[in-house]
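1. Requesting a structural model of the entry that follows:
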Amino acid sequence: MDNSNQNNVEYTDEKNSSVKTKAKRETIELIRFIIIAAVIIIPFRIFIAQPFIVNGASMDPTFATNQYLIVDQLTYKSSEPHRGDVVIFRFPLNPKDFYIKRVIGLPNETITLQGSEVYIQEAGVEKSFKLEEPYIIFQSNNNLLVTLGDDEFFVMGDNRPNSSDSRSWGVLPRKLIVGKAFLRLLPFNKIGLFPGEHYFDLTNETL
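-> I've put the predicted structure just below:
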């Protein structure tokens, strides 16, 4: 056998072996990357934050369909929702569905809706105060009185005439609240932390 042919065969075998070794090493590295990513991302998604895409007009003009949010699931593990927080929760009538609304009433408070105005009577306080809601553009005509129990919240959409919320299906149990809107990523011109969050001035006692 020609030595040159033998050398070519040996060189080809070595080259093929090197290619196979490289491919095997790359495959192992890919698998390792996937495992590490899963170990980091899955607990992060379950316990800390997860994405949420707005669907529907119930929170107009604060949020619109297809806006992409990151939901903070960690804060409410050590603290309670505040009035004005925008929360994501499991729908009480079908926990497989997720809703986004604004917290209006807190546990043990009495909520009074008169036309488009909202009045809150805190537990143990004689007088009520009227909520000033600058985020509301679309007014509604309501007549409702609700007293919340322990671990119950009253939530409403900012688009009051077109929102399915505590006015229609009742109070929101604390255990169904998943988290709060932490970050809006899309659209790019509305990127921001704690989108839609509002702090109320509670000094205006009216009733």
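2. Tell me which stretches of this protein form strands.
-> All strands of the chain, identified by DSSP state E, fall at 49-53, 68-72, 86-91, 94-105, 110-115, 117-121, 129-130, 142-147, 152-156, 172-173, 177-186, 192-193.
3. Residue 126 versus the residue nearest to residue 85 when sequence neighbours are not counted, what's the distance?
-> With sequence-adjacent residues excluded and distances taken as Cβ to Cβ, 6 or more residues apart in numbering, residue 85 is closest to residue 103, at 4.7 Å. (Each C-beta comes from the backbone N, C-alpha and C, glycine too.) Using Cβ to Cβ, to the nearest Å, residue 103 is found at 23 Å from residue 126.
4. Any stretches of this protein with poor pLDDT?
-> Along the chain, segments meeting pLDDT under 70 span 1-20, 22-23, 26, 29-30, 32-49, 201-207.
5. What's the separation between the residue lying closest to residue 105 once chain neighbours are set aside and residue 133?
-> Excluding its sequence neighbours, the residue lying closest to residue 105 (Cβ to Cβ, 6+ apart) is residue 154, at 3.1 Å. Residue 154 is 14 Å from residue 133, where distance means Cβ to Cβ.
6. Look at these two and report which has more neighbours.
-> Ranked by neighbour count (other Cβ atoms under 10 Å), residue 154 and residue 133 place residue 154 first, with 28 against 18.
7. ok, now which ones touch the residue nearest to residue 105?
-> Listed by Cβ atoms under 8 Å, 6 or more residues apart in numbering, the contact set of residue 154 reads 103-106, 109, 111, 146, 148, 166, 171-172.
8. rewinding a little: tell me which of the strands of the chain sits most buried.
-> Among these, strand 152-156 has the highest mean neighbour count (mean count of other Cβ atoms under 10 Å), at a mean of 24.
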